[in-house]
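Student: Model the following, please.
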Amino acid sequence: MDEKEKQRMIQELEGSDRHLGKKLALMVSVVAISLSLFHLYVAGFGLPGIGSKTFLIIHLTFGIVLVFLIFPIKKGLKQYTIPWYDFMLSLVSLGVGIYLIQRQDAEAIMSARPTEIDLIIGALFIVLVIEATRRVVGLPLVIIATIFIAYFFAGQFMPGDFYHTRGDFSRFVYEITYRSNGIFGTPIYASAQFVFIFILFGAILESTGAGKMFIDLAIRGFGKYKGGPAKASVVASGMMGSISGSSTANAVTTGTFTIPLMKKVGFPPHVAGGVEVAASSSGQFLPPVMGAAAFIMVEFTGIPYFEIIKSAFIPAILAYVGILFMVHFEASKKNISGIDKSEMASGRDLLLRQGYLIVPILILLYFLVVERSSVNASAFYSIIAMIIIAFFTYRFKASMARTLLFAAILLGVTFFMQYLLGFVNQGLVSLNDVFGTRVFSAETIRWRDPIFTMVLGGIIVSLIFALFQKTLKRDTTPEKYGFKQLFKGFDNAARNALSIIVACATAGILIGVITTSGLSTKFTRIVIDFSDTIESWLPNFMVGDNTQLYIALVLTVFACLFLGMGLPTTATYVVLAAVIAPVLTNMGLPVIVAHLFVLYYGVLADDTPPINLPAYATAGIANAGPIRTGVQGFKYDSAALLLPFMFAINPTILLITDASALEMTWAIITAAIGMATFASFIQNYMFAKYSIIERIAAAVTALLFIQSDLFTDSIAFGLFILLVVFQLYKKRKQTPQTA
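Tutor: Below you'll find the predicted structure:
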């Protein structure tokens, strides 16, 4: 499957089966590339003389325009052109965006007295957002938004705490469209300010061929072991998923290579697809990107980005430990071996050919973790370094002398740019008088000193790799990289971001309704009352100090799984972060724990059939049924079902407590053993098939490890050791019979 077929598959799964001719495709690509370049510019040099609200409007408006140009009114039309009505919707969306920019500082808007035309345009904008969401994300989020809107207007007819008297049309349109607690609230701000630039980072990295390198390295490292291709799939999908904002794109990218290998060594098609589903979806737990949720979490919680990824790291690793154990037990049950070493690429050749692609990721982590730079700046620097490294490594191998000359010219231009920008900005300011605008200022382009360092460092890294390749005389020609591949990365980034852009905009409608109707202040009381009712039904020996919280957590799990069946994980997290997470924090959970709890179950819900886009992607590659593949994906991810309860009850593994290093190590070890034991319970196998009593013992052991105190851990360890010993004895006893 080549790159075009992959991208077409991803688009069709996400709702677009419109295949345009060359001219129309070029027009759409120009719009998409422009949006990506705009965000790269803002990340590197700041807002070009515009306010932050204008930035959000441009971000969302161009996103909606692209939706109507790319996504048909319904699936299955197989269109080869853009219908006139979609052209009209794109132009109307553009016009509405321009109107909102011009009116944002008007006296009528600032004084909360919108005119009649303001209300009409605002209502039209809400409709456009919802229709764009329907086309990209699907009906579930639209239905939820419609229910919330209906609740806003029917509040006076609602019983108990749901009652309110704020259901006014003028108030609704004003709050949702023109205020910062509606469409242009926290979710869309995070999407524009943080999420897009990391989607761009992932798309450009993929355009360099890094995805194939990650897969080959994972196969080299894990392919020889039992069930090797499946374990390699888990590791490769984790590496790709940590920088990708889309589980579907991750599943297609890695599954194209790993699923045929899994089938080759003996995994059934639906199992091979299911492994890839679980591994691709769980990539959204793994820093630094976490499926875009990390950046939205920054806005919701006010917790610095570094603290969020630090807390998320250990649980994410544990989630992958659970999937790896699930794969291992599956391979052991079916006696599936690994790949012969002769069939795997040389690790040295892989690193010589494409090892330079790891450098931009290290640069990203350096700026995020060591320098503690802003998220935008960190992504911008790593993108610049990545483009330079990919561009020059290929050319140094082709023509060393000519490329050195070009590199020297580029370094000269970059070095003197910091001195020339003052004159450039003065020239731009003079354009204000020519065109009668206030767009440009003396700081329109703000130079960042690390840019020169990134260009110089990128050229040095490229030169070192080229010299190594020539010296060792290995046939390791780097991946070809030029402007065609670069612009393809820009194009894919904008397309991949559309689902997040419109989902965040619609989630803003939900948040606006919750805030404006006053439901946000009442929801905690509603959940507490409901938990009290359930607690009153329980026998006395099951009631303790935290029973009410445990009931609320279980209710949250069902809410996450229900919502997540029809929503992309980012939208699921936004809704749950706005509605459920505040309830959990009000009931005593730390803020980061509450938000990671809803994120984990929101991501796990992405594996839940019947609506499971990654499963449809991998099922198509594996030639298996999508529902059956989805069930397998949920099964393999189910090892992580206990993980949120582990860190909710004992936040030590989130690295947010004052626990000692020994206590943290102990908590991580017990959590890992609990994950492995629960995986064996799901698979009904450890070293041999479980009896009913052994399986119950495995479940009890895993549940006891959740509590993580000395008493329960001691019992759990005793049960675990007995289980392992008895399983080894059972396996030894069965081996002669099998022989």
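
Student: Does D216 touch L350 like I think?
Tutor: Yes: assessed by CB atoms under 8 Å, D216 is found in contact with L350 at 5.2 Å. All C-beta atoms are positioned from the backbone trio N, CA, C, and that covers glycine.

Student: more neighbours, these two?
Tutor: Per other CB atoms under 10 Å, whichever of D216 and L350 has more neighbours is D216, with 22 against 19.

Student: Distance-wise, check that one relative to I389.
Tutor: 18 Å (CB to CB, to the nearest Å).

Student: where in the stretch 401-550 of the chain is pLDDT low?
Tutor: Low-confidence segments of the stretch 401-550 of the chain (pLDDT under 70): 435-444, 473-478, 541, 545.

Student: now the helices for it?
Tutor: 450-472, 483-517, 519-537, 547-564 (DSSP state H, counting those that start in this stretch).

Student: now the ones you listed in a markdown table, with mean neighbour count and distance to V92?
Tutor: Shown next, in a markdown table, are the helices of the stretch 401-550 of the chain (neighbours: other CB atoms under 10 Å; distance: least, CB to CB, whole Å):
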| stretch | mean neighbour count | distance to V92 |
| --- | --- | --- |
| helix 450-472 | 18 | 39 |
| helix 483-517 | 24 | 16 |
| helix 519-537 | 15 | 32 |
| helix 547-564 | 19 | 31 |
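
Student: residues of stretch 123-138 that come out buried?
Tutor: 124-126, 128-138 (16 or more other CB atoms under 10 Å).

Student: what's the distance between that stretch and the middle of its chain?
Tutor: When distances are taken as CA atoms, centre = their mean, to the nearest Å, stretch 123-138 is centred 22 Å away from the chain's centroid.

Student: Any chance you could list what contacts that stretch?
Tutor: Residues outside stretch 123-138 that contact it (CB atoms under 8 Å, 6 or more residues apart in numbering): 14-15, 60, 63-64, 67-68, 71-73, 89, 92-93, 96, 100, 141-142, 145-146, 173, 176-177, 183, 498-499, 502-503, 505-506, 509, 566-568, 571, 611.

Student: same deal with stretch 578-590?
Tutor: Applying CB under 8 Å, 6+ apart, the external contacts of stretch 578-590 come out as 300, 507, 510-511, 514, 520, 523-524, 527-528, 548-549, 552-553, 556, 559-560, 591, 593-595, 597-598, 648, 651, 656.

Student: what's the distance between K310 and A190?
Tutor: 19 Å.

Student: Counting neighbours, go ahead and name the busier of those two.
Tutor: A count of neighbours by other CB under 10 Å puts A190 above the other of K310 and A190, at 25 against 16.

Student: pLDDT value on that one, please?
Tutor: For A190, the model assigns a pLDDT of 86.

Student: what does the one 10 residues further on give?
Tutor: The confidence metric pLDDT takes the value 91 at L200.

Student: ok, and the closest non-adjacent residue to it?
Tutor: Nearest non-adjacent residue to L200, counting by CB to CB, 6 or more residues apart in numbering: A493, 4.1 Å away.

Student: hmm, back to that, tell me which of the buried residues of stretch 123-138 fall in helices.
Tutor: L124, F125, I126, L128, V129, I130, E131, A132, T133, R134, R135, V136 (DSSP state H).

Student: Could you dump these into CSV and include pLDDT and distance to D606?
Tutor: Formatted as CSV, these follow (pLDDT from 0 to 100; distance: CB to CB, whole Å):
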residue, pLDDT, distance to D606
L124, 96, 32
F125, 97, 29
I126, 96, 27
L128, 97, 27
V129, 96, 23
I130, 96, 22
E131, 96, 24
A132, 95, 21
T133, 92, 17
R134, 92, 19
R135, 90, 20
V136, 88, 16
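
Student: List phi and psi for K689.
Tutor: Main-chain dihedrals, K689, degrees, to the nearest 10: phi -70, psi 140.

Student: Count the neighbours of it for me.
Tutor: With neighbours defined by other CB under 10 Å, the count for K689 comes to 15.

Student: picking that back up, so which of the helices of the stretch 401-550 of the chain comes closest to N335?
Tutor: Between N335 and the helices of the stretch 401-550 of the chain, the shortest separation by CB to CB is 33.8 Å, and it involves helix 547-564.

Student: Just want the angle from the helix or strand that that closest one is followed by to helix 519-537.
Tutor: Per DSSP states H and E, the first helix or strand lying C-terminal to helix 547-564 is helix 569-579. Interaxial angle of helix 569-579 relative to helix 519-537 (axes from the mean of the first three to the mean of the last three CA atoms, to 10 degrees): 80 degrees.

Student: any idea of the angle helix 569-579 forms with helix 547-564?
Tutor: Angle between the axes of helix 569-579 and helix 547-564 is 140 degrees (criterion: the same axes, to 10 degrees).

Student: Restricting to C-alpha, output helix 569-579 in PDB.
Tutor: Output of helix 569-579 as PDB, limited to C-alpha atoms (Å, rounded to 0.1, in the frame of the first residue of the first chain):
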ATOM      1  CA  THR A 569     -10.900  10.600  21.800                       C
ATOM      2  CA  THR A 570     -10.100  14.300  21.800                       C
ATOM      3  CA  ALA A 571     -13.800  15.200  21.700                       C
ATOM      4  CA  THR A 572     -14.600  12.600  24.300                       C
ATOM      5  CA  TYR A 573     -11.900  14.000  26.600                       C
ATOM      6  CA  VAL A 574     -13.200  17.600  26.100                       C
ATOM      7  CA  VAL A 575     -16.700  16.700  27.000                       C
ATOM      8  CA  LEU A 576     -15.800  14.600  30.000                       C
ATOM      9  CA  ALA A 577     -13.200  17.200  31.200                       C
ATOM     10  CA  ALA A 578     -15.900  19.900  31.100                       C
ATOM     11  CA  VAL A 579     -18.700  17.800  32.700                       C
END
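
Student: for the record, mean pLDDT for that helix?
Tutor: Mean predicted confidence for helix 569-579 is 78.

Student: Going along the chain, name the helices of the stretch 1-150 of the chain.
Tutor: For the stretch 1-150 of the chain, the helices defined by DSSP H, counting those that start in this stretch cover 3-13, 22-45, 52-70, 84-103, 107-110, 116-136, 139-153.

Student: Same list (the buried residues of stretch 123-138) but as a markdown table, adding distance to S430.
Tutor: Formatted as a markdown table, these follow (distance: CB to CB, whole Å):
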| residue | distance to S430 |
| --- | --- |
| L124 | 37 |
| F125 | 35 |
| I126 | 40 |
| L128 | 37 |
| V129 | 38 |
| I130 | 43 |
| E131 | 42 |
| A132 | 38 |
| T133 | 42 |
| R134 | 46 |
| R135 | 43 |
| V136 | 42 |
| V137 | 45 |
| G138 | 49 |
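
Student: of those residues, closest to L463?
Tutor: V136 (43.1 Å).

Student: any idea how far the closest one lies from H328?
Tutor: Distance of V136 to H328, computed by CB to CB: 37 Å.
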